[in-house]
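Visitor: Sharing a model that was predicted from the sequence below.
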Amino acid sequence: MTNWLIDELAYAGPEHLDPTFVAGFDRKQGADDIDDIAVLEGYGLGEDSVVVDLGAGTGRFALRAARVCRRVVAVDVSPAMLAYLGERADAEGVTVERAQAGFLSYEHQGEPADVVYSRHALHQLPDLFKTQALVRIAAMLKPGGILRLRDLILDVEPSEVPALAERWLAATATDPSVGYTAEDIAQHFREEYSTFSWLLEPMLERCGFEVLEASNPTGAFGAYTCRKR
C-alpha cells in the first residue's frame, strides 16, 4: 500500500534534531506559568494513570508526570530529544518509556491511556494531518479519557493576523540562546501550521472530543482540555 502520510521527521525542523540546540531548548522556551499537572489532576490524573506525551521534547511534562503516574510514554520524532530526555530521567531517578515516533506513527501498546498530552508540537502538521493525529489520539484514549493540548493557536479573525504578527515579533528576544527571535517567529508563520481556534475547535469535536476548557489570553497560545466522547 502506498504511504500517503507525511514524514514527520522532515517537518520537525532541523534544529530539533541538533543535540546542541536540544541542550538549550528549555532555556529558549522560557518559564511556564501554567501547571498542566495540576490541571490534569483536576480531571483524575493520579498514581494509577497511563499518560502519553506526544511531542515530548526534553521531557518537561513527562518527567513531572512520571512522579505522579503509573506509566508515562514520551513520544518524539527526534532522537536527540529522546536521548536528552533519557539522560534527565536517569539523573532524576524516574521511569519514562521512550518511543521515537510522531503523531501519525506512534502505535500505543498496552492498556488505553487515561491522558494524552501535547505541548507546542501539533502545529508542525498541516490541518489535514492534524485531523488524523486527533483521530489517532482518540483511539489510544480510554472512553472518557482526557486530551490536554497546548499549542500556537491563532484566536483572531483573518484580518487581525498582521497586527498579531507585529505584536508577536515586537516581543521577541534579541539573543537566540535565551528566547525566540523575530526571525524564529517569522519562520514559524512561513513554514509551520498554526491553526485558527475557530477551525481547531470543530476539528476536535469531529475527531471525537468534547472541549471542556479553552483559553487563549494572548491570541497566539491556546490551551484546551478535552474529553473523549
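Guide: Right, received. Where do you want to start?
Visitor: Just give me the longest strand of the chain.
Guide: Secondary structure of the chain read by DSSP state E shows that its longest strand is strand 141-154.
Visitor: Show me what the next helix-or-strand element following that one is packed up against.
Guide: Per DSSP states H and E, the first helix or strand lying C-terminal to strand 141-154 is helix 161-170. Secondary-structure packing of helix 161-170 (3 or more CB pairs under 8 Å, 6 or more residues apart in numbering; DSSP states H and E): helix 182-191. Every residue, glycine included, has its C-beta placed from N, CA and C.
Visitor: what about the helix it packs on, average pLDDT?
Guide: On average, the pLDDT along helix 182-191 is 93.
Visitor: so it versus helix 161-170, what angle?
Guide: Interaxial angle, helix 182-191 versus helix 161-170 (axes from the mean of the first three to the mean of the last three CA atoms, to 10 degrees): 150 degrees.
Visitor: Just the buried positions in helix 182-191, please.
Guide: Ile185, His188 (16 or more other CB atoms under 10 Å).
Visitor: Report the angle between the longest strand of the chain and helix 182-191.
Guide: Going by the same axes, to 10 degrees, strand 141-154 makes 120 degrees with helix 182-191.
Visitor: Neighbouring strands - and their directions - for strand 141-154?
Guide: strand 113-119 (parallel), strand 195-196 (parallel), strand 221-228 (antiparallel) (DSSP bridges).
Visitor: which residue ranges form the helices in the chain?
Guide: All helices of the chain, identified by DSSP state H, fall at 8-11, 19-23, 25-29, 36-41, 60-66, 79-92, 127-140, 161-170, 182-191, 197-206.
Visitor: which of these is buried the deepest?
Guide: Stretch with highest mean neighbour count among the helices of the chain: helix 60-66 (a mean of 22; mean count of other CB atoms under 10 Å).
Visitor: Give me the contacts around that helix.
Guide: Here helix 60-66 makes contact (CB atoms under 8 Å, 6 or more residues apart in numbering) with 26, 29, 32, 36-37, 45, 51, 53, 56, 72, 74, 85, 88-89, 92, 94-96, 117, 119.
Visitor: what does stretch 183-190 give?
Guide: His123, Leu152, Ala165, Trp168, Leu169, Thr172, Pro176, Ser194.
Visitor: burial measure for the closest residue to the last one other than its chain neighbours, as a count.
Guide: Excluding the flanking residues, the one nearest Ser194 by CB to CB, 6 or more residues apart in numbering is Leu152, at 4.6 Å. Close neighbours of Leu152, defined as other CB atoms under 10 Å, add up to 20.
Visitor: follow-up on the earlier one: need the strands paired with strand 141-154 in JSON lines with mean pLDDT, can you?
Guide: Below are those laid out as JSON lines (pLDDT from 0 to 100):
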{"stretch": "strand 113-119", "mean pLDDT": "98"}
{"stretch": "strand 195-196", "mean pLDDT": "98"}
{"stretch": "strand 221-228", "mean pLDDT": "98"}
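Visitor: can you redo those strands as TSV with mean neighbour count?
Guide: Shown next, in TSV, are the strands paired with strand 141-154 (neighbours: other CB atoms under 10 Å):
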stretch	mean neighbour count
strand 113-119	24
strand 195-196	18
strand 221-228	21
